[in-house]
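**Student:** Fold the following, please.
(one chain, ligands or ions: 2)
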Amino acid sequence: MARELGRGEDLFRTLQGRVASRRQGGLIVRNLVFVLGDQLTRSLASLRDIDPARDRILMAEVAQETRYVRHHKQKIALILSAMRAFAAELRAEGLTVDYVRLDDPDNTGSFPGEMLRAARRLRPERIVVTEPGEWRVREALGDGAREGGAPLEFRDDDRFFASRARFARWAEGRKSFRMEFFYREMRRETGLLMQGDAPVGGAWNYDAENRKTPPKGHVLPPPPRFAPDAATREVLDLVAARFADHFGDLEPFGWAVTRADALKALAHFLARNLAHFGDYQDAMLRGEEFLHHAAISPYLNIGLLTPREVCRAAEQAYEQGRAPLNAVEGFIRQILGWREYVRGLYWLRMPGYARSNALRANRPLPDFYWSGETDMLCVAEAVGQTRRHAYAHHIQRLMVTGNFALLAGLDPAEVEEWYLAVYADAFEWVELPNTHGMALFADGGLLASKPYAASGAYIDRMSDYCGRCRYDVKAKSGEGACPFNPLYWNFLIENRDRLAGNPRMAMPYRSLAAMSEARRAEIVADARAALTRLGVRL
Ligand SMILES: Cc1cc2nc3c(=O)[nH]c(=O)nc-3n(C[C@H](O)[C@H](O)[C@H](O)COP(=O)(O)OP(=O)(O)OC[C@H]3O[C@@H](n4cnc5c(N)ncnc54)[C@H](O)[C@@H]3O)c2cc1C
Ligand code: SF4
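**Tutor:** Numbers count the residues shown, from 1 in each chain. Ligands and ions are numbered 1, 2, ... in the order given. Have a look, this model is predicted:
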């Protein structure tokens, strides 16, 4: 039977006392299954053995999760709307869901608070939770359980290909954790794109073929958009009223909030984009936010799609001749490789991982990260589309906003908070390693063998931005020079002690050494002037 907890009902329960609250259809509640907002998967470990007669499901919209960073409005709307739709689907199956809305006056505002409140009300034999994705939530639930209620059972989140224990086994004894080697093991283990023991096509990785820019006239399909239904409209109104001070535009809102629509988004990608995914994976075009990217990370991260079904579908597209190997391998590597790897690394190294600051970067995040108001066209494009869609693709995140933050020496904690807030797909387990490790090198090289630092020339090669920018990408110094140019060399100078010994940095440091002392001093002065003009406090 469908259940919605309102204030009156909750009070009634309390007054009815223990017997009424313990019984459901004459039986004592066996499992209270607490489903979190990023666990919207019917085959979730904690939902797999659910017994409609004896078990209860708890879902809660809690203020703490909506406010711990100033999440993009679309991100909040997506998660709340998808949670409500998922609860409705479970109820339609005959399962009992106690659903606590954000504006429920009895809502305690936190996961442990809601878990304990439900446990006191229902007195279940045990509480069952699929392990949370984020360390912070895992700790809070563990602490909450120690306060009483009922025994708490965490189950492995086997929506991932590799369990945390599996990743730890792989990492054990290794000096460096290179994704490529982990990925190969995952290929062998899953059989994805494998022919016996060998990779299909003879190579593990076709990245060398994946750095093209689209030719003039190349046609890009419009991304799939899903018009909000009445239930999503209600959530949009709630978000507009409660989160007006948060980052980003709420509307137009076009994200899928149900599995059925997320599957349509996946089908659209497979039919219209996958074949070009590899070739143009690193390209950036003005006004083209999605290019041939899938834009499915929010669906994967909240559970509307599973990594297995997405990878199998891409593999099938290759087997049926609908997409070339370089595209399909590149795509599968992002999910089977990078996504699994960053999650493994996160759990292996938390909570200490977030605290390192290998390059001792400490400058505050400038305002243009929030406003998008800057003459640097590449940054304005990335931030502008992030405001409009809660989305930017990987190279924009890494080589534009990430690269600027790295070169400018911005404080990792402030940069990480920004990335966690502004993207619809941002959850700490995936955001943190990507930002802290990949973009900022703040982990000192655990994730990346060298910093992803680049001057304006890289952005010019991979985009059509520079031709229309107020800055001159070819100029090396002076007020009109692309800020990425002096900042790149200044970054090498500022971090010489920490990076010059890295064999993969040998070439740029040789070029730096070949410069005169006067030229190096000029670079430092230019970089400082550029930062000041851009509003970065030195
Ligand atoms: C600084 C920075 C912060 C990031 N923060 C997040 C984040 O909070 N959440 C998030 O899901 N991704 C994050 N990424 C990774 C990546 O940028 C996004 O997954 C990707 O842009 C999502 O868009 P898409 O679905 O169109 O991806 P596509 O390019 O179409 O790739 C397909 C899928 O592969 C997975 N994927 C690709 N690259 C990565 C990666 N590096 N790590 C993990 N999964 C990957 C995603 O699930 C993605 O949906 C970040 C990257 C950087 C550099
Ligand atoms: S010139 Fe520099 S700032 Fe302008 S778009 Fe190119 S890389 Fe960005």
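
**Student:** hey, let's count contacts and neighbours off CA atoms from now on
**Tutor:** Noted.

**Student:** Residue numbers of the stretch 401-538 of the chain in contact with ligand 1?
**Tutor:** Within reach of ligand 1 by CA under 6 Å from any ligand atom, the stretch 401-538 of the chain has these residues: 402, 419, 420, 425, 426, 427, 430, 431, 434, 435, 439.

**Student:** What ranges does the stretch 101-250 of the chain have for its strands?
**Tutor:** Secondary structure of the stretch 101-250 of the chain (DSSP state E, counting those that start in this stretch): strands at 126-130, 152-155, 194-195, 198-199.

**Student:** which parts of stretch 463-475 are buried?
**Tutor:** Neighbour counts over stretch 463-475 (16 or more other CA atoms under 10 Å) mark 463, 464, 465, 466, 471, 472, 473 as buried.

**Student:** Just those residues: which are in strands?
**Tutor:** Among these, none falls in strands (DSSP state E).

**Student:** Reformat those residues as JSON lines; add pLDDT.
**Tutor:** Below are the buried residues of stretch 463-475 laid out as JSON lines (pLDDT from 0 to 100):
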{"residue": "463", "pLDDT": "96"}
{"residue": "464", "pLDDT": "95"}
{"residue": "465", "pLDDT": "97"}
{"residue": "466", "pLDDT": "98"}
{"residue": "471", "pLDDT": "98"}
{"residue": "472", "pLDDT": "98"}
{"residue": "473", "pLDDT": "98"}
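
**Student:** can you redo the residues of the stretch 401-538 of the chain next to ligand 1 as TSV with pLDDT, secondary structure and neighbour count?
**Tutor:** Putting those into TSV (pLDDT from 0 to 100; DSSP: H, G, I helix; E, B strand; the rest coil; neighbours: other CA atoms under 10 Å) gives the following:
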residue	pLDDT	secondary structure	neighbour count
402	98	helix	27
419	98	helix	24
420	98	helix	23
425	98	coil	24
426	98	coil	22
427	98	coil	18
430	98	helix	23
431	98	helix	21
434	98	helix	26
435	98	helix	27
439	98	helix	27
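
**Student:** Name the nearest of the residues you listed relative to ligand 2.
**Tutor:** For these, the minimum distance to ligand 2 (CA to the nearest ligand atom) is 12.5 Å, reached by residue 402.

**Student:** Pick out the residue in the stretch 401-538 of the chain sitting closest to ligand 1.
**Tutor:** residue 426 (3.1 Å).

**Student:** Residue 416 is in contact with that residue, correct?
**Tutor:** No: using CA atoms under 8 Å, residue 426 is not in contact with residue 416; the gap is 10.3 Å.

**Student:** if we can go back for a sec, ok now do the residue of the stretch 401-538 of the chain closest to ligand 1, which residues does it touch?
**Tutor:** Going by CA atoms under 8 Å, 6 or more residues apart in numbering, residue 426 touches 298, 419, 420.

**Student:** Now do the same contact list for residue 415.
**Tutor:** 365, 405, 435.

**Student:** Test my guess that the last one contacts residue 403.
**Tutor:** No: in this structure, residue 435 sits apart from residue 403 without contact. The criterion is CA under 8 Å, and the distance is 10.3 Å.

**Student:** Tell me how many other residues surround the residue of the stretch 101-250 of the chain found nearest ligand 2.
**Tutor:** Ligand 2 sits closest to residue 213 of the stretch 101-250 of the chain, with a gap of 15.3 Å, by CA to the nearest ligand atom. Using other CA atoms under 10 Å, residue 213 has 18 other residues around it.

**Student:** OK, contacts around it?
**Tutor:** Counted by CA under 8 Å, 6+ apart, residue 213 has contacts 279, 280, 282, 283, 284, 462, 463.

**Student:** Kindly indicate which of those residues lies nearest ligand 2.
**Tutor:** Among the contacts of residue 213, and counting by CA to the nearest ligand atom, the member closest to ligand 2 is residue 463, at 8.3 Å.

**Student:** That closest one: what's it in contact with?
**Tutor:** With CA under 8 Å, 6+ apart, residue 463 has these contacts: 213, 283, 284, 285, 286.

**Student:** now with 7 Å?
**Tutor:** 283, 284, 285 (CA atoms under 7 Å, 6 or more residues apart in numbering).

**Student:** how far away is the residue most central in space within the chain from residue 301?
**Tutor:** By CA atoms, centre = their mean, the chain has its centre lying nearest to residue 426, at 3.5 Å. For residue 426, the distance to residue 301 equals 8 Å [CA to CA, to the nearest Å].

**Student:** do residue 260 as well
**Tutor:** Separation of residue 260 from residue 301 (CA to CA): 16 Å.

**Student:** Settle it for me: which of the two has more neighbours?
**Tutor:** Higher neighbour count among residue 260 and residue 301: residue 301, with 23 against 11, using other CA under 10 Å.

**Student:** Let me know the helix or strand that the more buried one is in.
**Tutor:** Per DSSP states H and E: residue 301 is located in helix 297-302.

**Student:** After that helix, which helix or strand is next?
**Tutor:** helix 307-319.

**Student:** what angle separates the helix or strand just after that next one from helix 307-319?
**Tutor:** Counting by DSSP H and E, the next helix or strand C-terminal to helix 307-319 is helix 325-332. Put simply, helix 325-332 runs at 180 degrees to helix 307-319, going by axes from the mean of the first three to the mean of the last three CA atoms, to 10 degrees.

**Student:** okay if I get the buried residues of stretch 463-475 as JSON lines plus distance to residue 515?
**Tutor:** Converted to JSON lines, the buried residues of stretch 463-475 look like this (distance: CA to CA, whole Å):
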{"residue": "463", "distance to residue 515": "29"}
{"residue": "464", "distance to residue 515": "30"}
{"residue": "465", "distance to residue 515": "29"}
{"residue": "466", "distance to residue 515": "26"}
{"residue": "471", "distance to residue 515": "24"}
{"residue": "472", "distance to residue 515": "22"}
{"residue": "473", "distance to residue 515": "20"}
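
**Student:** and which of the residues you listed is nearest to residue 320?
**Tutor:** Checking these against residue 320 with CA to CA, the nearest one is residue 463 at 32.1 Å.

**Student:** which residue packs closest to the closest one, ignoring adjacent ones?
**Tutor:** Leaving aside its sequence neighbours, residue 463 sits nearest to residue 284 (CA to CA, 6 or more residues apart in numbering; 4.5 Å).
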